[in-house]
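Novice: when you get a sec, could you give me coordinates for this:
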Amino acid sequence: MLNRHARELFTRLFSPLARVLLRLGVSPDAVTLLGTAGVSASALILFPLGQLFWGVVAITLFVFSDVMDGIMARLTDRKGRWGGFLDSTLDRVQDDAIFLGLALWFYGGGHDGAIGALAVVCILLGNLVSYARAKAESLGYHANIGIAERAERLVSVLVVAGLCGLGLPTPFLFWTLVVLAAASVVTVVQRVLAVRTQARAETGTA
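Specialist: Now for the predicted structure:
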């Protein structure tokens, strides 16, 4: 939902910079790789050091590469399957790095194993959400639905983690992760049911 509503705004904002990068010979794939490296390094270095606020700031700056590479691909008409595969795969790397960085901090200096465990659970469920869609699409079905898509998950955890870095009590992050985990479970169920409905319609048993 958030992806769809924000895409038009970000396209207007970043198209001029995208054109400059293309004129300089920078490829969409290079931007994707740089963004993934930046997000992963920020999360896995700053979060475990307890720098939640500055980690979120750094991650947010690099996350915009996920918008930029898509705009560059559309401007150059390079919306092929390779770009989509690379972008989707590296999105999983970024997501896992963010939650893993939080888990490392709260298992260590953050002294809150419950939040650490929930961050790990969110990694597993987030990957399951993505797998359900990818597997459905590989079989010819549509499963791009659910209440916990990638943008919603990232915005929620980064906003609350950043505020915790500024002094917000960590129970707010605990309950945010609880809600994200529950929403991810609901999203997986929604996608499974959607594919089941399509499969039944396809075989004429619905």
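Novice: need the contact list for the residue positioned nearest the centre of the chain.
Specialist: Per C-alpha atoms, centre = their mean, the C-alpha nearest to the average position across the chain is that of Arg150, at 4.2 Å. Arg150 sits next to Asn3, Asp91, Asp95, Gly126, Ser130 when contact means C-beta atoms under 8 Å, 6 or more residues apart in numbering. From N, CA and C alone the C-beta is placed, and that goes for glycine too.
Novice: top helix in the chain by residue count?
Specialist: helix 171-203 (DSSP state H).
Novice: which parts of that helix are buried?
Specialist: Using 16 or more other C-beta atoms under 10 Å as the test for burial, helix 171-203 gives 173-174, 176-177, 180-181, 183-184, 187-188, 190-191, 194-195, 198.
Novice: can you tell me the closest non-neighbouring residue to Arg153?
Specialist: Leu180 (5.7 Å; C-beta to C-beta, 6 or more residues apart in numbering).
Novice: same thing with Val63?
Specialist: In space, Val63 is closest to Val39, 6.1 Å off (C-beta to C-beta, 6+ apart).
Novice: so the one you found makes contact with Ile98?
Specialist: Yes. If you go by C-beta atoms under 8 Å, Val39 and Ile98 touch, sitting 7.1 Å apart.
Novice: quick one: common contacting residues for those two?
Specialist: Ile59.
Novice: re earlier: the residue nearest to Val63: how many residues sit nearby?
Specialist: Counted by other C-beta atoms under 10 Å, the residues lying close to Val39 total 27.
Novice: try the one 10 residues further on
Specialist: As a burial measure, Leu49 scores 14 neighbours (other C-beta under 10 Å).
Novice: what of Ile45?
Specialist: 13.
Novice: pLDDT score for it?
Specialist: Among the per-residue scores, Ile45 holds a pLDDT of 98.
Novice: now for it: which residues touch it?
Specialist: For Ile45, counting by C-beta under 8 Å, 6+ apart, the contacting residues are Gly55, Gly101.
Novice: which stretch of helix or strand covers it?
Specialist: Following DSSP states H and E, one finds Ile45 within helix 28-46.
Novice: show me where this structure has helices.
Specialist: Counting by DSSP H, the chain forms helices over residues 2-23, 28-46, 52-63, 65-75, 81-107, 113-138, 150-165, 171-203, given from the N-terminal end onward.
Novice: now the shortest one: buried residues?
Specialist: Put plainly, it is helix 65-75. Buried residues in helix 65-75, counted by 16+ other C-beta under 10 Å: Ser65, Asp66, Val67, Met68, Asp69, Gly70, Ile71, Met72, Ala73.
Novice: likewise for stretch 77-94?
Specialist: By neighbour count, with 16+ other C-beta under 10 Å as the criterion, the buried positions of stretch 77-94 are Gly83, Leu86, Asp87, Leu90, Asp91, Arg92, Gln94.
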